[in-house]
Structure formats: structure tokens, C-alpha cells
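Undergrad: Got a predicted structure plus its sequence, pasted below:
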Amino acid sequence: MSKKIIIASHKGGVNKSTIAANLGLGFANDKKKVLMIDTDSQANLSKKYLKDNYRKVDGIYELLKGEDVNNCIHHTGYENLDIIPAKQQLSVAKKEMLLSMHGIQQQKLMRSLIPVIDKYDLLIFDTAPGLDIMTFNVFQFLDGTGLLIIPVVPDSNKIEDSDSIEGMNLLLEEISESIKAGENIKPRFKVLLTEVDNDEVSNEFKLITKSHFKEKAFITEIPFSAKHARRRDNFVIEKNRTKISRCYKQLIDEIKEEL
Ligand SMILES: Nc1ncnc2c1ncn2[C@@H]1O[C@H](COP(=O)(O)OP(=O)(O)OP(=O)(O)O)[C@@H](O)[C@H]1O
Ligand SMILES: [Mg+2]
């Protein structure tokens with residue numbers, strides 16, 4: 001049965017798409033057959049892998065409109081790595097889902113992906129910041145084979161004072177509620193510290209996060225990299241000798257134990 005990784009956060013700009021891109025390529029390099037699903041109309045993950053073509057091909061928007069899922073999957077050019085891309089129009093599909101006569105359609109994505117799910121070892125979902133109808137659709141995959149990764153970037157507020165823990169708790173509550181009622185599924189999640197610097201703010205934030213989340217925080221942390229802060233389109237995992245690529249590989253090892 002295929003495994004699922006979902007990367008989501010109530011916050012924007014916390015490296016969700018970068019993490020999805022690197023886990024996708026990392027697991028594919030590890031001989032796993034991976035399907036990445038971009039559910040964010042900003043389409044950053046799609047741009048990374050399909051360049052300008054992401055606009056021209058069928059993707060998640062068309063899938064939700066009833067297109068055959070096989071026509072919405074595209075090869076990235078990397079062995080074992082496919083993607084269902086997003087594009088701007090996805091926001092229209094989201095509105096239609098909300099306005100649907102049949103109530104909120106939280107199972108639509110799950111139903112559309114059924115024909116291909118077991119062709120892959122791993123499905124990786126990138127999501128839009130915050131909680132929207134598309135993200136609730138993605139949360140339906142958080143059954144026993146799914147792992148939610150919540151990235152968190154250290155900020156200068158102490159974590160007790162900031163909205164980080166509160167935001168994450170809200171996210172987790174919303175997920176539990178959104179998952180099929182009555183099945184009492186406890187979503188599996190882990191917090192990932194990212195853009196971690198070697199300074200007082202990061203050190204303090206790290207300590208507080210790890211003591212709050214304990215085994216629910218990854219041991220691996222992704223370091224801050226000034227180079228990545230400036231560029232939007234690089235795949236760090238390919239550059240084997242950099243510290244950040246070593247961290248992504250270590251993260252993959254940790255996830256393998258979890259899945
Ligand atoms: N380790 C890192 N250190 C510094 N900057 C990073 C690092 N990883 C990614 N970035 C940069 O941080 C920015 C935000 O990353 P990304 O787009 O992955 O976040 P996101 O959570 O997907 O954002 P959004 O909520 O808008 O979808 C990008 O410019 C990216 O290149
Ligand atoms: Mg993103």
C-alpha cells in the first residue's frame with residue numbers, strides 16, 4: 001500500500017514547497033516510485049519541476065473537474081518522480097467545492113486519485129498556507145499510512161508568547177475534525193524545525209519546541225541558508241556535499257523509520 005506525506009502549516013513561507021521538492025527527489029533517488037501532488041494555486045512545486053509547462057498541461061484543477069487522473073500526471077524528468085501540478089485556476093475549483101450543492105466536498109481529491117494510488121510507493125502533498133478546502137481534502141489521506149509534517153521556522157518571540165504552538169494545536173484539531181467522522185483516526189504528525197540559524201533565537205526556539213513536542217519533533221533540523229533564501233528554484237538534495245543536502249538525507253532516513 002502506498003504511503004503518504006502531507007506538508008502543511010497554518011503559516012506561509014515556512015519551506016513547505018521546498019521540503020516537498022526535496023523529499024520527492026530524495027525518495028525517488030532512493031528507488032521509491034513517488035507522486036507529488038501540488039494542491040497550492042501558487043504552484044511553486046509545479047514550477048520547480050515542470051518549469052513553464054505547468055500552465056499548459058492538465059493538473060489538479062482538471063482532475064477536480066473530472067479529467068482522467070492518468071492525464072493529469074506528468075513525469076518530472078527525474079527517474080521515479082511524477083507530479084500532478086497546480087495552476088492559478090485551482091482557486092476557482094476551490095470556490096466551486098465550497099459552493100457545491102452537496103455540501104463541502106472533502107473527499108473529492110481522494111476519490112479522483114484512487115485509480116493511481118497503488119501504482120506509487122509514496123504520495124507527497126504540498127499544500128497552500130493556512131487551512132482551505134483543498135487542504136482539508138488532503139487531510140483525508142492521513143489514515144494509518146499518512147504522516148503530516150508541520151514545518152516551523154524559529155521566530156524572535158518566545159514560543160509560549162507567539163502563535164506557533166497555538167497555531168499548530170489549532171491545525172491538529174481541525175485535522176482531527178475534518179477526517180472522516182466516526183472513524184476516530186488520530187492523525188500522525190511531526191514538527192520539523194527549518195531555517196534554523198546558529199544564534200540565540202534559534203537555540204532558544206529549538207529547546208522550547210523540542211521540549212513541547214518531544215518525540216513529535218524530528219531530530220533532524222534544516223539549517224538556514226542565505227543562498228536558498230535568495231533563490232526559489234533549486235533542488236538542494238542534488239548537491240551532496242552541502243550541509244543542507246546532508247540534512248535532507250538525514251530527514252529522509254528519519255521519515256523512513258516513521259512511515
Ligand atoms: N533552509 C533554508 N534557508 C533559507 N531559506 C530557505 C530555506 N529553504 C527554503 N528557503 C526559502 O524560503 C522561501 C519560502 O520557501 P517555500 O516557498 O518552500 O515556503 P512555503 O511554505 O511553501 O511558502 P508558501 O506558504 O507561500 O507556499 C523560499 O524563497 C525558499 O527558497
Ligand atoms: Mg509553498
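TA: Here it is on my side, so go on. Ligands and ions are numbered 1, 2, ... in the order given.

Undergrad: drop to CA atoms for contacts and neighbour counts, all remaining ones
TA: Will do.

Undergrad: Just the strands from the stretch 151-259 of the chain, written as ranges.
TA: 189-193 (DSSP state E, counting those that start in this stretch).

Undergrad: Point out the residues in it that sit beside ligand 1.
TA: 195, 222-226, 228-232 (Cα under 6 Å from any ligand atom).

Undergrad: List buried residues within these.
TA: 195, 222-224 (16 or more other Cα atoms under 10 Å).

Undergrad: Pull the most distant pair out of those residues.
TA: Spanning the widest gap among these are I222 and F224, at 6.7 Å by Cα to Cα.

Undergrad: what sits in contact with each of those two?
TA: 194-196 (Cα atoms under 8 Å, 6 or more residues apart in numbering).

Undergrad: Could you save those residues as TSV and add columns showing distance to I60 and pLDDT?
TA: Converted to TSV, the shared contacts of I222 and F224 look like this (distance: Cα to Cα, whole Å; pLDDT from 0 to 100):
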residue	distance to I60	pLDDT
T194	28	95
E195	29	94
V196	33	95
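
Undergrad: which one of those residues is nearest ligand 1?
TA: Nearest to ligand 1 out of the shared contacts of I222 and F224 is E195 (Cα to the nearest ligand atom; 4.4 Å).

Undergrad: Establish whether stretch 25-44 and ligand 1 are in contact.
TA: No: Stretch 25-44 is not in contact with ligand 1 by Cα under 6 Å from any ligand atom; minimum separation 6.6 Å.

Undergrad: ok, and for that stretch, which residues are buried?
TA: By neighbour count on 16+ other Cα under 10 Å, the buried set for stretch 25-44 is 25-29, 32-44.

Undergrad: Among those, name the ones in strands.
TA: Among these, the ones falling in strands (DSSP state E) are 34-38.

Undergrad: Give the closest residue to D40 in space, chain neighbours not counted.
TA: Counting by Cα to Cα, 6 or more residues apart in numbering, A128 is the residue found nearest to D40 once chain neighbours are left out, at 4.4 Å.

Undergrad: Having no further points to raise, I will conclude here.
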